[in-house]
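Asker: Here is a sequence with its predicted model. Questions after.
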Amino acid sequence: MDEKLPERSDVVLYEVRNHIDFIEDPETFSYHEFFHKYMIGNVPCLFSSKFTGSWGSRRFWVTADNQPNWDHLLQNFGDAAVPVAKCDLKEYNANPKEQIPLCEYIEYWRGHKENAYQSTKGCLYLKDWHMQRTPFHADVFRSYSWSANICGRKKWLLFPPGSEGNLRDCHGNLPYDVTSPTLQDPKLYLNYQKCCPPIEVTQEAGEIIFVPSGWHHQVYNVIDTISINHNWVNGCNVAVMWRFLQKELTAVQREIAEWKDTMDGWDQHCQVIMKSCTGIDYTEFYTFLKMIAQRRLEVLETNGVDLPAEGRMTPGPRHALFDLEKIADVLSTLIDDVDFQKLDVETFDPPPKQLLRRLKMVIDPKSCAVRCV
């Protein structure tokens with residue numbers, strides 16, 4: 001009998017430790033193991049450079065002495081307009097950005113390095129090519145993320161979910177820099193002394209770090225570094241994303257509550273404001289669930305549900321079924337959500353209740369047949 005994929009508890013206890021697991025060999029490490037131990041467990045880990053040895057970016061973007069290959073980057077991407085953040089400036093706990101050609105940024109980077117990492121332009125940060133550090137944050141939508149060093153070296157400070165509460169100041173704001181001496185001020189940061197120390201991780205060239213949902217982190221580039229980063233959501237953390245969006249909407253509603261009785265379309269305005277802050281609203285979240293559900297259904301239609309997942313380096317059919325179960329759970333609570341009900345949901349294609357019925361039929365055809373008659 002196939003092993004059933006595990007449930008993920010809403011309450012997770014994280015062991016406080018000073019290291020994360022290091023995964024050495026891609027030949028002996030399966031997606032199934034990654035799924036069970038790290039995604040379900042919501043635990044970070046670090047993959048060796050063997051996992052990226054065949055990547056074209058590691059061959060062409062980097063010189064033999066592990067430095068950025070400026071000539072290759074200029075030849076292939078020099079005219080590209082890239083977003084560059086000014087790390088020395090802070091606006092609402094973030095950095096202001098501007099668009100400049102990559103060739104201009106590389107000219108700045110070369111001059112910055114030749115001048116002992118000093119420049120009249122200050123410290124500039126290009127998208128995912130970190131020049132110095134990123135502010136303290138958790139990833140978008142509380143998603144999973146991986147970050148691969150193409151070259152260079154990074155230092156990570158990782159805080160388990162929930163521990164960031166002790167880092168909030170008396171106004172409820174998280175710090176921009178978790179190493180700032182101001183955190184020692186007990187009048188400003190009331191609970192800082194209760195916070196567990198961060199897990200410190202040094203990431204070398206070629207290595208990939210997995211950062212799970214809700215793990216706040218701050219990152220430093222020890223030397224010149226190029227990295228590739230990716231965020232994703234699946235059945236293991238889609239409920240975390242949904243709870244995050246609910247909290248974000250509640251915060252917006254609380255912020256503009258005084259205009260609720262006098263503003264036409266107040267609920268829709270709340271959705272618009274939430275989208276401007278998070279990048280998504282409830283309508284788009286439903287579209288996101290639908291898109292992922294359709295892809296997982298295609299996997300099952302192609303492969304069935306009885307193929308083993310052991311030994312696979314990619315998700316198997318039972319992982320697709322697991323995702324559908326979790327999507328159905330979230331979709332059910334979304335349909336019952338009073339704020340979602342205020343949207344014109346019957347115009348959605350397909351309507352949410354129709355999609356939920358289809359998912360339940362795939363997950364449990366016999367019981368659903370009785371309920372849907």
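Answerer: Received the coordinates, thanks.

Asker: CA atoms for contacts and neighbours, from now on please.
Answerer: OK.

Asker: And the pLDDT for the nearest residue to K90 once chain neighbours are set aside?
Answerer: Among residues not flanking K90 along the chain, P96 sits closest, at 6.8 Å (CA to CA, 6 or more residues apart in numbering). We note a pLDDT of 85 for P96 in this prediction.

Asker: for P44, same thing?
Answerer: Confidence for P44, expressed as pLDDT, is 96.

Asker: from memory it sits against S213, does it?
Answerer: No - the criterion here is CA atoms under 8 Å, and P44 misses it with S213 at 9.4 Å.

Asker: Specify the residue ranges that define each domain of this structure.
Answerer: Under the assignment automatic domain parsing, the domains of the chain span 21-232, 238-372.

Asker: Present those as CSV; the columns should include mean neighbour count.
Answerer: Output for those, formatted as CSV (neighbours: other CA atoms under 10 Å):
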stretch, mean neighbour count
domain 21-232, 17
domain 238-372, 16
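
Asker: quick one: L46 is in a strand?
Answerer: Yes - assignment of L46 by DSSP: H, G, I helix; E, B strand; the rest coil places it within a strand.

Asker: Dump stretch 163-183 to CSV, keeping only the CA atoms.
Answerer: C-alpha atoms of stretch 163-183 as CSV (Å, rounded to 0.1, in the frame of the first residue of the first chain):
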residue,chain,number,x,y,z
SER,A,163,10.2,34.6,16.6
GLU,A,164,10.0,37.8,14.7
GLY,A,165,7.3,39.0,17.1
ASN,A,166,10.0,39.7,19.7
LEU,A,167,11.8,41.9,17.2
ARG,A,168,8.9,44.3,16.8
ASP,A,169,9.3,47.8,18.3
CYS,A,170,6.7,49.5,20.5
HIS,A,171,4.8,50.5,17.4
GLY,A,172,4.6,47.0,16.1
ASN,A,173,7.2,47.5,13.3
LEU,A,174,9.9,45.1,12.4
PRO,A,175,13.5,46.4,12.3
TYR,A,176,15.1,47.3,9.0
ASP,A,177,18.4,45.7,10.3
VAL,A,178,18.4,43.0,12.9
THR,A,179,22.0,43.8,13.8
SER,A,180,21.3,47.4,14.6
PRO,A,181,22.4,48.5,18.2
THR,A,182,19.0,50.3,18.5
LEU,A,183,17.4,46.8,19.2
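
Asker: Run through who's touching that stretch.
Answerer: 93-94, 135-136, 187-196, 216, 218 (CA atoms under 8 Å, 6 or more residues apart in numbering).

Asker: Would you tell me which one of these comes nearest to A80?
Answerer: A94 (23.7 Å; CA to CA).

Asker: how close does S332 sit to K360?
Answerer: 10 Å (CA to CA, to the nearest Å).

Asker: what touches both of the two?
Answerer: What both S332 and K360 touch, as defined by CA under 8 Å, 6+ apart, is an empty set.

Asker: so E24 touches C45, yeah?
Answerer: No - using CA under 8 Å, E24 is not in contact with C45, being 10.8 Å away.

Asker: Quickly list what's touching both of the two.
Answerer: Common contacts of E24 and C45 (CA under 8 Å, 6+ apart): none found.

Asker: measure stretch 42-58 end to end?
Answerer: 28 Å.

Asker: show me the residues around F210 that make contact.
Answerer: Going by CA under 8 Å, 6+ apart, the list of residues near F210 reads P44, C45, L46, F47, Y144, S145, W146, S147.

Asker: Can you spell out which residues form a bridge with the second one?
Answerer: When assigned by DSSP bridges, C45 has beta-bridge partners D21, F210.

Asker: now do the last one
Answerer: The residues listed as beta-bridge partners of S147 by DSSP bridges are I209, N229.

Asker: re earlier: quick one: the residue nearest to K90 and P83 touch, right?
Answerer: No - contact criterion CA under 8 Å: P96 and P83 do not qualify, at 9.9 Å.
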